[in-house]
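Asks: Please work out how this folds:
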Amino acid sequence: MIVTGDPSQVDLPGGVKSGLIEALDLLGGIKGVSKTGSLQKMSSVTDWSQKSSMPMMMCFAKRKSLMIPKIDLVLEDNFSIDETSFLKRVEVILSNAIKKANLKFPRDAELSIVLAGDKTLQSLNNEWRKKDKPTNVLSFPGQDISVGEEAGLVLGDVVISLETTKREAALENKTFEDHLSHLVIHGFLHLFGYDHETDEEAVQMESLETQILNELGIANPYEDEQIL
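Replies: Modelled structure (predicted):
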């Protein structure tokens, strides 16, 4: 990591000390940090983490640069998935979706993704939509907003049935990963006011999903299927 700046900055208000000077003082006592002119170069994040709370801010900055919310992954006990690989995939998916749709939310926003089974999805589908059958994905927005509005700190929950996802992928000759990626995008967009209750809404949402998936190298899913 490289930190640059001019500790002799003179355009500050009277009596205000350059923040870089304080940073130089702090970094000076850390092993693995070298200084070149006004340049501080840190060679070891481990050394930094032992003496500073900055790793928290570094992680936050990384999340901000990726333009993604904090993700809380919930996996039902009787299902298994490579959580690390899935979360990495989701970060890429959400980053693309956020950029393409210009989605707005606070930098500390949180998103819950629940990977469950048909039994759970059927129960939720019956309770909230009066449809007593399993479905592939359900979304529960943290607040009721329209397309283009900024979401709140709690974006909401996206609940996906792994059983239905696998079954649909096999029937439609898709990979499980591609279909799951589509469902994540579809559920995520619902949290920002996108819907498909009318033909106009469906065209808007499906077109956006197709563009996002295309960026990920995934074919148009609406040629052969419909999200229910």
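Asks: ok, residue 132 - how many residues close by?
Replies: Neighbourhood size, residue 132 [other C-beta atoms under 10 Å]: 10. Any C-beta I mention is one placed from the backbone N, CA and C, and that applies to glycine too.
Asks: helices and strands of this protein: which one bottoms out on pLDDT?
Replies: The helix or strand of the chain with the lowest confidence, counting by mean pLDDT, DSSP states H and E, is helix 45-51 at a mean of 31.
Asks: Count residues in the vicinity of residue 143, would you?
Replies: 14.
Asks: can you pull the contacts of it?
Replies: Applying C-beta atoms under 8 Å, 6 or more residues apart in numbering, we find residue 143 in contact with 151, 152, 154, 156.
Asks: Look up which helix or strand residue 105 falls in, please.
Replies: Using DSSP states H and E, residue 105 is not contained in any helix or strand.
Asks: For the closest residue to it other than its chain neighbours, the count of nearby residues, please.
Replies: Spatially, and ignoring its direct neighbours in sequence, residue 105 is nearest to residue 151 (4.3 Å; C-beta to C-beta, 6 or more residues apart in numbering). Residues near residue 151, counting by other C-beta under 10 Å, number 21.
Asks: Next: residue 98.
Replies: 19.
Asks: again, but for residue 185
Replies: When neighbours are defined as other C-beta under 10 Å, residue 185 has 28 of them.
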